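K.L.:
With the sequence up front, the predicted model follows.
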Amino acid sequence: MKKTIQFLLPHFLLAIISISAFAQSGEINGQIIDKEKNEALFGATISIYHAGTNDFVDGDRSDVNGFYAVKPLDAGTYDVKITYIGYDTMTQEGVKVHDGEMTFLDATLNIIGIEGPIAHVIEWREPRIGKPNDVVLDFDVLDNLPTNDVTDAIAIISPAVYQEDDNSEIQVRGSRVGTTLFFLDGVKMDGSVYVPSSAVQEMRVITGGIPAKYGDMTGGVVLITTKSYFTSTK
């Protein structure tokens, strides 16, 4: 029995490492600047909260060049609060983080004026320029589609995806059926994933220029993140 456990343990650990290697997460990074002097601020505090709540998620402090990075973060929507002694506080609301991507968020802070500190609250707007081979669907989009099947949703939204019939497997850019790779919450799945779109927080479809970490794929890659307890409707 002891020998059997010793034999199985390395294989078990290898399986865990293989799954972890494909785990998906996003991040928020940027630079904090003194608005008047246009100089980097060292030691500014960056705090990440679930959007619309006081639930703290993670944080960081800016380095000597003003740069910071908060990771890993699950795909979703967050509020980012930036504070620095002697400066006004800034909060960016509704910052979206996508699976496997970096969200860039720079900030310029004002020195506290005569009237005292001011808390600036800004609604974050996602850049319109994205990757041409990526399609990102969040729960707002999925809720308004005439289907509750994720593969149907992909075929409806992405012009590079073909589906012969409803609820059937998809083909990306003319590839064969079954050559699309699916990840559910960072775990590689065998074949298609049957998850109701109402349970999806975000779905990212990569139809070209697939990163090397996913291997030599002839089809596409679909990254699905399911909703959690803290899912925001902002």
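P.N.:
Yep, that arrived. Numbers count the residues shown, from 1 in each chain.
K.L.:
show me the contacts for the residue nearest the centre of the chain.
P.N.:
Closest to where the C-alpha atoms of the chain average out (Cα atoms, centre = their mean) is residue 98, at 2.2 Å. With contacts defined as Cβ atoms under 8 Å, 6 or more residues apart in numbering, residue 98 is in contact with 26, 75, 136, 202, 204. (Glycine included, C-beta is placed from N, CA and C.)
K.L.:
Turn those residues into JSON lines, including secondary structure and distance to residue 195.
P.N.:
What follows is the contacts of residue 98, written out as JSON lines (DSSP: H, G, I helix; E, B strand; the rest coil; distance: Cβ to Cβ, whole Å):
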{"residue": "26", "secondary structure": "strand", "distance to residue 195": "20"}
{"residue": "75", "secondary structure": "coil", "distance to residue 195": "14"}
{"residue": "136", "secondary structure": "strand", "distance to residue 195": "17"}
{"residue": "202", "secondary structure": "strand", "distance to residue 195": "12"}
{"residue": "204", "secondary structure": "strand", "distance to residue 195": "14"}
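K.L.:
where's residue 47, which helix or strand?
P.N.:
Taking DSSP states H and E as the definition, residue 47 sits inside strand 45-50.
K.L.:
hmm, who's touching that strand?
P.N.:
Under the criterion Cβ under 8 Å, 6+ apart, residues 28, 32, 55-62, 68, 70, 73, 76-84, 230, 232 lie in contact with strand 45-50.
K.L.:
Next, count neighbours for residue 178.
P.N.:
Neighbouring residues of residue 178 were enumerated by other Cβ atoms under 10 Å; the total is 11.
K.L.:
do the same with the one 4 residues further on
P.N.:
The burial count assigned to residue 182 is 19, neighbours taken as other Cβ under 10 Å.
K.L.:
try residue 166
P.N.:
Here the neighbour count serves as a burial measure; for residue 166 (other Cβ under 10 Å) it reads 10.
K.L.:
Name the nearest residue to it, sequence neighbours excluded.
P.N.:
Nearest residue to residue 166 in three dimensions, chain neighbours excluded: residue 152, at 5.7 Å (Cβ to Cβ, 6 or more residues apart in numbering).
K.L.:
Which helix or which strand is home to that neighbour?
P.N.:
According to DSSP H and E, residue 152 maps onto helix 150-157.
K.L.:
so for that helix, what's the average pLDDT?
P.N.:
When pLDDT is averaged over helix 150-157, the result is 82.
K.L.:
So which bits of the following helix or strand past that helix are buried?
P.N.:
Sequence order places strand 161-163 as the next helix or strand after helix 150-157, per DSSP H and E. With burial defined by 16 or more other Cβ atoms under 10 Å, the residues of strand 161-163 counted as buried are 161, 163.
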